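In: Fold the following, please.
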Amino acid sequence: PYRRQRQMCIRDSYSAARVRTHRRQLVVQRLDIEIADSSSHGQLVTGGAVRQWLARSGVKTVGAAAREVDLRSIEGLILRNGFVADATASIDYGGVLRIAVRQRRPVVRLLFDGYNAYATDEGYLFAAPQSSALYVPVMTGSYAPPAPASYTGSIADYTAARIAESEGRIAEIEREKYPLYRAERENDENIKALRRMTIKKGLFERRENFERRVKELREKKARLRREYRYTARVLQERIDKISARQAAEREKQKKLRKSYEDFLKLLNFVVLVEKDDFWRSEIVQIVVAKGPDGAPEIELVPRTGSHTVIFGSPDDAEEKLAKLLTFYRRGLRNIGWEEYRTINVKYKEQVVCTK
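Out: Numbers count the residues shown, from 1 in each chain. Reported below is the predicted structural model:
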C-alpha cells in the first residue's frame with residue numbers, strides 16, 4: 001500500500017507540473033461571450049457590445065498569454081455598466097476566454113424631466129443604454145424619483161447614504177452646542193454663588209453703615225440676577241436655533257424616507273400591472289405627478305378608447321384595477337368606449353366619469 005500511495009503522489013505531482021507548464025505556455029485562442037438574457041422584453045447588452053468594450057479598453061484578450069490576461073479587470077470593465085448585474089471571466093484548458101454576462105431585468109422606463117432610465121422591481125436604477133428598446137411600461141409626468149437623474153444603483157442604498165450624511169450633519173451641529181452648554185453651567189454656578197452672597201454686621205459697626213452695605217448688596221444681587229437671567233435666555237435662544245437646524249435635518253430625513261416608500265409603491269404598481277395579461281396589454285403609458293400632499297398621483301393612458309384613467313395614489317391598486325375592469329365590462333362595453341373623456345377610480349367604491 002505504501003508503494004502504491006507513493007506512486008500516486010508522484011503521478012499527481014507530475015500532472016500538476018504539466019498543468020503549470022501548460023498554463024505558462026497557454027495563449028488565448030478565442031473569445032466566447034455568453035449573455036444570460038434575464039429579460040423577456042428584449043436585450044440590454046449583446047456579445048458585440050462586450051467585444052467593443054474590450055477592444056476600446058485595450059485589455060489583453062485573444063493572442064495574449066493566458067497569464068497576462070487580467071480577468072478581474074475584464075469583469076470590472078463590464079460591471080461599470082449599470083444594466084449588467086453580474087459578469088464572470090475565465091480561461092479554460094483549451095485557451096478559450098469565456099465571459100458570462102447576466103443583465104438586469106427592468107420593469108419600467110422612467111422618462112421624467114431629465115430622466116431616461118430603467119428601474120428594476122427591487123428599485124435599482126440605471127441609465128437607458130443607447131438604442132435600447134425594451135418592451136416595458138413607460139412612466140412620464142412631473143414626478144421626480146428620490147435619486148438624481150445621473151444616479152446608477154439601488155434607491156435603498158442612495159436613501160441610506162443620504163440619511164447617514166444627514167445624521168453626520170446633525171452630529172456636527174450638536175457639537176456647536178457644547179460651548180453653549182459650558183456657558184450655561186458657568187451661568188448656573190454664578191446664580192448659585194449669588195444666592196450664597198451675604199453680609200455680616202461687624203462687632204463695632206454702626207447701624208447706618210451696615211444698612212448701607214446691605215442696600216448695596218441687594219442692588220448688586222438684583223443687577224447680577226438680571227444679567228444672569230438675560231444670559232440664560234440668550235444661551236437658550238442660541239441652543240434652540242441650533243436645535244431647529246437639527247429638526248430641519250430630521251424633517252428632510254422623513255421626507256426622503258417617504259419619497260423612497262412612494263417610489264417603491266410605484267414600482268409595485270408596475271409589477272402588479274405586468275403580472276396581469278389584460279392590463280399589461282391595455283395600459284400604454286403611466287403618467288405620475290405629485291399630489292397636494294407630495295405623494296405620487298397616477299393617471300393611466302389605455303390602449304382602448306380615448307379616455308384617461310385618473311387612478312390617484314398607488315395605494316389599494318388591486319381594488320382600483322378590479323373596479324375599473326368591472327366598469328369596462330359592465331359599463332363601457334354597453335355605453336361605448338368613446339363616451340367619456342376621463343374615468344376617475346381614485347375614490348373608494350366610486351367611479352366618476354366626465355364627458
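
In: Sheet-wise, list the partners of the one helix or strand residue 311 maps to with their directions.
Out: When elements are assigned from DSSP states H and E, residue 311 belongs to strand 308-312. Pairing partners of strand 308-312, with direction, according to DSSP bridges: strand 296-302 (antiparallel), strand 342-344 (parallel).

In: Out of these, indicate the one that is most buried.
Out: By mean neighbour count, with neighbours taken as mean count of other C-beta atoms under 10 Å, strand 296-302 ranks first of these at a mean of 20. C-beta here means a position set from N, CA and C on the backbone, and glycine is covered the same way.

In: Excluding its own residues, what touches it? List them.
Out: 141, 143, 262-263, 265-266, 269, 282-291, 308-314, 346 (C-beta atoms under 8 Å, 6 or more residues apart in numbering).

In: any idea how far residue 210 is from the residue in the chain sticking out farthest from the centre?
Out: What lies farthest from the middle of the chain is residue 204; by C-alpha atoms, centre = their mean that is 82.4 Å. Plainly put, residue 204 is 11 Å away from residue 210 if you go by C-beta to C-beta, to the nearest Å.

In: Also residue 46?
Out: Relative to residue 210, and taking C-beta to C-beta, residue 46 is found at 103 Å.

In: which stretches of the stretch 251-355 of the chain form helices?
Out: In the stretch 251-355 of the chain, the helices defined using DSSP state H, counting those that start in this stretch lie at 277-282, 317-327, 333-335.

In: oh sorry, the question was meant for the stretch 101-250 of the chain
Out: Under DSSP H, counting those that start in this stretch, the stretch 101-250 of the chain gives helices at 155-175, 178-196, 207-275.

In: any chance of those in CSV, with mean neighbour count too?
Out: Formatted as CSV, the helices of the stretch 101-250 of the chain follow (neighbours: other C-beta atoms under 10 Å):
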stretch, mean neighbour count
helix 155-175, 14
helix 178-196, 12
helix 207-275, 14
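
In: For the residue lying closest to residue 78 once chain neighbours are set aside, name its beta-bridge partners.
Out: Distance criterion C-beta to C-beta, 6 or more residues apart in numbering; nearest residue to residue 78, sequence neighbours excluded, is residue 87 at 4.0 Å. Under DSSP bridges, the beta-bridge partners of residue 87 are residue 101.

In: what sits against residue 87?
Out: Per C-beta under 8 Å, 6+ apart, neighbours of residue 87: 74, 75, 78, 79, 99, 100, 101, 102.

In: mind redoing it with 7 Å?
Out: The contact partners of residue 87, by C-beta atoms under 7 Å, 6 or more residues apart in numbering, come to 75, 78, 79, 99, 101.

In: Filter those residues down to just the ones in strands.
Out: 99, 101 (DSSP state E).

In: Perfect, I'm done here.
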